[in-house]
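Visitor: sharing a model that was predicted from the sequence below.
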Amino acid sequence: MNNKDMNKIKNILLVAVLCALSLSCAKKASTPLNESAKAYFNAWMEVHYPDLQPTELGCYVISETEGNGELLASQENSPYLRVHYVLSDLSGNVSATSREDLSKQLGRYSETSNYFPAIWRREDNALSAGLDESLESMRVGGRKKTIIPGWLSSTQRFDTPEEYLANVSGTNYIYDVEVVEIIKDIEKWEIDSLGRYIESAYPGMSVEDSLKFGFYYRQTKAPDSEEEFPNDTTIYINYIGRLLNGKVFDTTIADTAKRYSLYSTSATYQPVAIKFNKDDYTQIKMGTDESDVIDGFAYTLSKMKSHESGVGIFYSGIGYGSTGSGNSIPSYSPLIFEIEIVDKE
């Protein structure tokens, strides 16, 4: 056994000792925040990446491919980003990723999930301090893999590494990030995306045909009556919800659910009840429990009459906004709803 192997074994033993110490010390109220966590992290780094040097805050860059596009720099310069990413712990266990090929390799691929660049908001310290520092020096087209200690995993901001150590605790993790695009104005980016979609999908329509900001309606089947539904009328609809790339995320139609791998034996595929309100579309409710619906969906219904079919297309400001919805609707996603007013089955 050579000296290098002996040293590695000694370092591994050191990690084990420090782990034991951290467990015992954690019971003592006098132990400063992150003292044992830092000891463990330093020992882990010594074993796995002994030659890496820390960044100003205390992160460690494992690898980097420099991009040839615009420098991300400050939050003001790149308030929103489109990125591909892989998030893992120190043992390499992946907890989240936007990469389809990796999801397939890990056996986690799902046809209902979205595998395209995610949109991250940097402004107002929306990202963790360690991740944001890692992004600052990147350029569009670049890729960087960074180890971020737990005390830099918070969105809080302090002036020195020592202040993070003293005030923040969290989980160590590794981010592998590829920057696809800088978005200066997220609302304009969405509206421009809608405009391109409208002009491509519906010849003759343009961005000037919006019925209100960020909303478009296209009738696909004329109603059998021009009378408006009275207030508190219960109507029934079938619908299909899509992203701009055509991916279906929700439907009341069984065949559509099967075609797009959404079908569930526990779901009921039949027309859903809508309680109509012609005076205030925001009070339109869905289902027997009269649940609220997003603004864009309700506004689409407000434009429809008896047995009409149509398509509502709208930006996330009247959809699911910055949060998205589950794994199916990412943040800042414009949506398409194909709706048909039908008779109750």
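Guide: Perfect, thanks for sending it. Numbers count the residues shown, from 1 in each chain.

Visitor: in which helix or strand does R82 reside?
Guide: Using DSSP states H and E, the element containing R82 is strand 80-88.

Visitor: what lines up beside the next helix or strand after that strand in the sheet?
Guide: Per DSSP H and E, the first helix or strand lying C-terminal to strand 80-88 is strand 94-97. For strand 94-97, the paired strands and their directions (DSSP bridges) are strand 80-88 (antiparallel).

Visitor: can you list the residue ranges for strands in this structure?
Guide: Taking DSSP state E as the criterion, the chain carries its strands at 60-65, 80-88, 94-97, 118-121, 143-148, 173-183, 215-221, 234-243, 248-251, 272-275, 285-286, 291-292, 309-314, 335-342.

Visitor: and of the ones you listed, who's closest to R259?
Guide: R259 lies closest to strand 248-251 among these, at 7.9 Å (C-beta to C-beta). Where C-beta positions appear, they are placed from N, C-alpha and C, glycine not excepted.

Visitor: using TSV, lay out the strands of the chain together with mean pLDDT.
Guide: Converted to TSV, the strands of the chain look like this (pLDDT from 0 to 100):
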stretch	mean pLDDT
strand 60-65	98
strand 80-88	98
strand 94-97	96
strand 118-121	97
strand 143-148	98
strand 173-183	98
strand 215-221	97
strand 234-243	97
strand 248-251	96
strand 272-275	96
strand 285-286	96
strand 291-292	96
strand 309-314	98
strand 335-342	98
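
Visitor: make a markdown table from those and add distance to L194 and mean neighbour count to it.
Guide: Shown next, in a markdown table, are the strands of the chain (distance: least, C-beta to C-beta, whole Å; neighbours: other C-beta atoms under 10 Å):
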| stretch | distance to L194 | mean neighbour count |
| --- | --- | --- |
| strand 60-65 | 33 | 14 |
| strand 80-88 | 16 | 19 |
| strand 94-97 | 28 | 14 |
| strand 118-121 | 15 | 20 |
| strand 143-148 | 30 | 21 |
| strand 173-183 | 15 | 20 |
| strand 215-221 | 7 | 17 |
| strand 234-243 | 12 | 19 |
| strand 248-251 | 17 | 20 |
| strand 272-275 | 25 | 19 |
| strand 285-286 | 24 | 18 |
| strand 291-292 | 24 | 11 |
| strand 309-314 | 6 | 22 |
| strand 335-342 | 10 | 22 |
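
Visitor: wait, which of the ones you listed is closest to Y197?
Guide: strand 309-314 (7.1 Å).

Visitor: just the C-alpha atoms of that closest one, please, in PDB.
Guide: Extracted in PDB, the C-alpha atoms of strand 309-314 (Å, rounded to 0.1, in the frame of the first residue of the first chain):
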ATOM      1  CA  SER A 309     -65.700  25.500 -28.400                       C
ATOM      2  CA  GLY A 310     -62.700  27.700 -28.100                       C
ATOM      3  CA  VAL A 311     -59.100  28.100 -27.100                       C
ATOM      4  CA  GLY A 312     -57.900  30.500 -24.400                       C
ATOM      5  CA  ILE A 313     -54.200  31.300 -24.500                       C
ATOM      6  CA  PHE A 314     -52.600  33.400 -21.800                       C
END
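
Visitor: run the angle between that strand and strand 234-243 for me.
Guide: 50 degrees (axes from the mean of the first three to the mean of the last three C-alpha atoms, to 10 degrees).

Visitor: gap between strand 309-314 and the chain center?
Guide: 24 Å (C-alpha atoms, centre = their mean, to the nearest Å).

Visitor: note down every partner strand of it and its orientation.
Guide: For strand 309-314, the paired strands and their directions (DSSP bridges) read strand 215-221 (antiparallel), strand 335-342 (antiparallel).

Visitor: for S78, find the nearest of those.
Guide: Closest approach to S78 among the strands paired with strand 309-314 (C-beta to C-beta): strand 335-342, 25.6 Å.

Visitor: residues in contact with the closest one?
Guide: 220-221, 223, 235-244, 271, 296-297, 300-301, 304-314, 316, 319-320, 329 (C-beta atoms under 8 Å, 6 or more residues apart in numbering).

Visitor: in the stretch 51-200 of the chain, which ranges drop under the pLDDT threshold?
Guide: The stretch 51-200 of the chain contains no residues with pLDDT under 70.

Visitor: follow-up on the earlier one: what comes into contact with the strand holding R82?
Guide: By C-beta under 8 Å, 6+ apart, strand 80-88 touches 72, 94-99, 102, 117-123, 135, 173-184, 186, 189, 332.

Visitor: can you rerun that using 6 Å?
Guide: Contact with strand 80-88 is made by 94-99, 117-121, 174-181, 183, 186, as judged by C-beta atoms under 6 Å, 6 or more residues apart in numbering.
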